[in-house]
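Peer 1: The amino acid sequence is not available; the structure is as follows:
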């Protein structure tokens, strides 16, 4: 199924992107997670009519996309899941909130339109932020940061295993569905009669695989505990990066920076 | 049903993170008590399985559309509520990181809406009591359907409540609910049928894989059921009453009021410090229209300022790249 | 590495009560031997290997490794001595990248990180994949995966290596490479396979299994040339011998 192979390809290309040797990829994962969460939190917390302040938040993605040399188009593609959802919620705002809020020249802008635009911008910015995180940080490094945050090892290990086997099992799912499609041409999906057996087969194979993995672990001395090796050291530039962005984001959110600058010119 | 970051406010997100975190911590403890070293690899592989199985399209007879598998119910029927919940968190986290399916900030909400209901309620209130005296195909179908429909209904309702508590949509609450619930009823039925088909197959071929079938010990009494339902009712009631305070931002609004009164009682330098803290704290749940008078006047210059900042920033980045390229070439 | 041996006496095993998978198997495997276990699909080759590393303990008869009987108490000690290479490398390699996977065993045995590093280096060098150290598992080719799954057990410094269908899904070059590497090892090796050419190239001794029991145990050269014996048990002559036989210069088959 092309859908499944596309997904696998997407996972692998993201992983390859995150493994490249750029300075932004080399930053400490915990620092990047903190900055990303702070950015998303700040962005989302903007009042619904505060378009000016929100626009300035674009500074973060703009800088990271260019300095990190990431493809802007790939970031846009990631919007395809989130944006429709946000639009569905936002598109009603102009109908329910008709109070005039501002004039752009002679065009009256209602509160609803303004809040719709800010909502969509929030959607775009937050998706960009998480893309900037995952495109520069591998899942293993994120797991490392999660362990630094004292998430239980059991959970993190499980997460790593899920990530490790997504590709393997998706390929298996792809093979099963392709075998089905070849013998059932012209069908859009899996027919109701085959629902149970088809996925059931995949499930049993996965269970068998889990059994083998467990055996493989046991044969190499596993006793319910995972040990991880190399530590990622927090360096000076990580701390500088964290401090600069924290200060900048808080300033952008709390101080009327954009209005001051704008009023210099208007 | 994956929520996006833009649809929730920081306060709601943090609350839901806390709720999901508590449920997650509890599950980790339960799994540790089980002390079964095999559980971790099985959870990992089953998480990956749900991920893979959700990519398969199932034709819904009589319609042109397709459905997908319900992960929460499926996982808890195989791993039990605790293992299922943790595996589901893993799946949601990876979906959100790799595919932007649901946001990082909204992850707490998504875990609650999809994993908590499916795993805890689905497994403990529906699957376990029904399978206690042995399983049968009819029981599996009934449990899967009931479980999926119920958990999706609760999940959809929670999505609505969470977005409204965040003050995002202008749409009336009732209209949103009226739109969300029937759609998710249909989805729940389809997901329930798919899940039932798969679980029936497993029951036929390898029944020992199903969780909680003829499990001994841990009796499920009527009292226990009632107390769980009671707790659930309280929880839902609490959420509803918050909403019913008539203001979409009920939660944050009441928080600010609490913070505000505390501020008034203080005096002198303590007051100033408290104000500073309050300023910092209110930065997150900030939906009050502090500048609502001046906003209309200044927002234009605000937008202009933002555009200027962005242009400057883009220019600097361009220069940076330009010089970097030159240096690389040399 | 002295006195490595394995003694199996009257070994029987069944998954379900009534269906025996292995029946009355006895053999002795000595130091530096490499033994091919051959037989058609489903004769119990894989089960036999699994029993030898103690993945099922409810067997009848006895398995002794260096005079230590295989039982629950001795499991940890025995498993340290044996490396088991799975048929499906994807199930064996569960960590994110080659290094992490190779380091799994030594870390579990509580070795300090420098020693872990040293052992991983050694193991990767032994199968010539030093360059794959940091590579994620999903990016490895089939042949690289197989070599990596051998490397990850070499870090335990095993005395005995068991392999289940090692040559499956390998292209000719990777196959030749694997044969060359295996022939360099001086461990006691037991290789289960129905790829007789592979056995021909790697093992001096062969055990032919059928229906859960041992039919024949002897020199590879004798067993794999016995067309009638092989055919009786659902196997065929190795391709190289077949070709040589029919071209009329069987003397040169042992290349």
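Peer 2: Yep, it's here. Small disclaimer: the values here were computed from a predicted structure and weren't measured. Numbers count the residues shown, from 1 in each chain, chains lettered A, B, ... in the order given.
Peer 1: Tell me which residue in chain C sits closest to chain B.
Peer 2: residue C:94 (7.2 Å; CB to the nearest CB). For glycine as for every other residue, the C-beta is placed from the backbone atoms N, C-alpha and C.
Peer 1: and the residue lying closest to that residue once chain neighbours are set aside, what does it touch?
Peer 2: Counting by CB to CB, 6 or more residues apart in numbering or on different chains, residue C:94 lies nearest to residue A:213, which is 5.0 Å off, once chain neighbours are set aside. By CB atoms under 8 Å, 6 or more residues apart in numbering or on different chains, the contact set of residue A:213 is A:161, B:41, B:44-45, C:91-92, C:94.
Peer 1: Need phi/psi at residue A:213.
Peer 2: Main-chain torsions, residue A:213, degrees, to the nearest 10: phi -60, psi -40.
Peer 1: which residues of the stretch 1-150 of chain A fall in helices?
Peer 2: Here the stretch 1-150 of chain A has its helices, by DSSP state H, counting those that start in this stretch, at A:2-19, A:23-26, A:29-44, A:51-56, A:59-67, A:72-77, A:79-90, A:93-96, A:111-134, A:139-148.
Peer 1: Please tell me how far residue C:219 sits from chain A.
Peer 2: Using CB to the nearest CB, to the nearest Å, residue C:219 is found at 30 Å from chain A.
Peer 1: how many neighbours does that residue have?
Peer 2: Using other CB atoms under 10 Å in any protein chain shown, the number of residues around residue C:219 comes to 12.
Peer 1: got the contact list for the residue nearest to the spatial centre of chain C?
Peer 2: Centrality entry for chain C: nearest residue to the mean C-alpha point is residue C:163, 1.9 Å, by CA atoms, centre = their mean. For residue C:163, the contact set (CB under 8 Å, 6+ apart) comprises C:49, C:84-85, C:189-193.
Peer 1: quick check, nearest of those to chain A?
Peer 2: Of all those, the one with the least separation from chain A (CB to the nearest CB) is residue C:84, at 5.2 Å.
Peer 1: hey, what's the closest one bridged with?
Peer 2: residue C:162 (DSSP bridges).
Peer 1: quick one on the thing from earlier: how far away is the residue nearest to residue C:94 from residue C:132?
Peer 2: Here the criterion is CB to CB, to the nearest Å. By it, residue A:213 lies 20 Å from residue C:132.
Peer 1: picking up where we left off before, residues near the residue of chain C closest to chain B, how many?
Peer 2: The number of residues near residue C:94, taken as other CB under 10 Å, comes to 29.
Peer 1: Quick check: the residue of the stretch 151-255 of chain C nearest chain A.
Peer 2: residue C:156 (6.6 Å).
Peer 1: Report whether that residue is found in a helix, as I expect.
Peer 2: No. According to DSSP: H, G, I helix; E, B strand; the rest coil, residue C:156 belongs to no helix; its state is coil.
Peer 1: Would you enumerate the residues in contact with it?
Peer 2: By CB under 8 Å, 6+ apart, the contact set of residue C:156 is A:220-221, C:80, C:83, C:105-106, C:109.
Peer 1: same thing with residue A:97?
Peer 2: A:110-112, A:115, B:170.
Peer 1: Could you check the pLDDT of it?
Peer 2: We have a pLDDT of 80 for residue A:97.
Peer 1: Listing request: residues of the chain with sub-threshold pLDDT.
Peer 2: All of this refers to chain A. Residues of chain A meeting the criterion pLDDT under 70: A:1-2, A:230, A:266.
Peer 1: The chain in question should be chain C.
Peer 2: In chain C, residues with pLDDT under 70: C:1-3, C:247-255.
Peer 1: Show me which residues of it sit near chain A.
Peer 2: Proximity of chain C to chain A (CB under 8 Å from any CB of the partner chain) is limited to residues C:50, C:53, C:55, C:76, C:79-80, C:82-84, C:86, C:88, C:90-92, C:94-97, C:100, C:103-105, C:107-109, C:113, C:116, C:136-139, C:152-153, C:156.
Peer 1: hang on, the earlier thing: going through the contacts of residue A:97, which ones are buried?
Peer 2: By neighbour count, with 16 or more other CB atoms under 10 Å in any protein chain shown, those hold A:110-112, A:115, B:170 as buried.
Peer 1: what does stretch C:191-203 rub up against?
Peer 2: The contact list for stretch C:191-203 (CB under 8 Å, 6+ apart) reads C:34-41, C:45-46, C:48-49, C:162-168, C:175, C:179, C:182-183, C:189, C:206, C:220, C:224, C:230, C:235-241.
Peer 1: Let's see that with 7 Å instead.
Peer 2: Outside stretch C:191-203, the residues that touch it by CB atoms under 7 Å, 6 or more residues apart in numbering or on different chains are C:34-41, C:45-46, C:49, C:163-167, C:179, C:182-183, C:206, C:220, C:224, C:235, C:238-240.
Peer 1: on that earlier part again, relative to chain B, which of the helices of the stretch 1-150 of chain A is closest?
Peer 2: Nearest to chain B, of the helices of the stretch 1-150 of chain A and by CB to the nearest CB, is helix A:51-56 at 2.3 Å.
Peer 1: out of the contacts of residue C:156, who has the most neighbours?
Peer 2: Highest neighbour count within the contacts of residue C:156: residue C:105, with 28 neighbours (other CB under 10 Å).
Peer 1: and the gap between the spatially closest residue to it that is not a sequence neighbour and residue C:92?
Peer 2: Among residues not flanking residue C:105 along the chain, residue A:220 sits closest, at 3.7 Å (CB to CB, 6+ apart). Distance check for residue A:220 against residue C:92: by CB to CB, it reads 9 Å.
Peer 1: Mind listing the shared neighbours of these two?
Peer 2: Taking CB under 7 Å, 6+ apart as the criterion, residue A:220 and residue C:92 do not both touch any residue.
Peer 1: so where's chain B shaky on pLDDT?
Peer 2: Using pLDDT under 70, the flagged stretches of chain B are B:62-66, B:214-302, B:324-330.
Peer 1: what's the longest helix in chain A?
Peer 2: Determined from DSSP state H, the single longest helix within chain A is helix A:153-183.
Peer 1: That one vs helix A:139-148, what angle?
Peer 2: With axes from the mean of the first three to the mean of the last three CA atoms, to 10 degrees applied, the angle from helix A:153-183 to helix A:139-148 works out at 150 degrees.
Peer 1: List the buried residues for the helix or strand that contains residue B:178?
Peer 2: Per DSSP states H and E, residue B:178 falls inside helix B:173-205. Buried residues in helix B:173-205, counting neighbours by 16+ other CB under 10 Å, are found at B:176-177, B:180, B:184, B:187-203.
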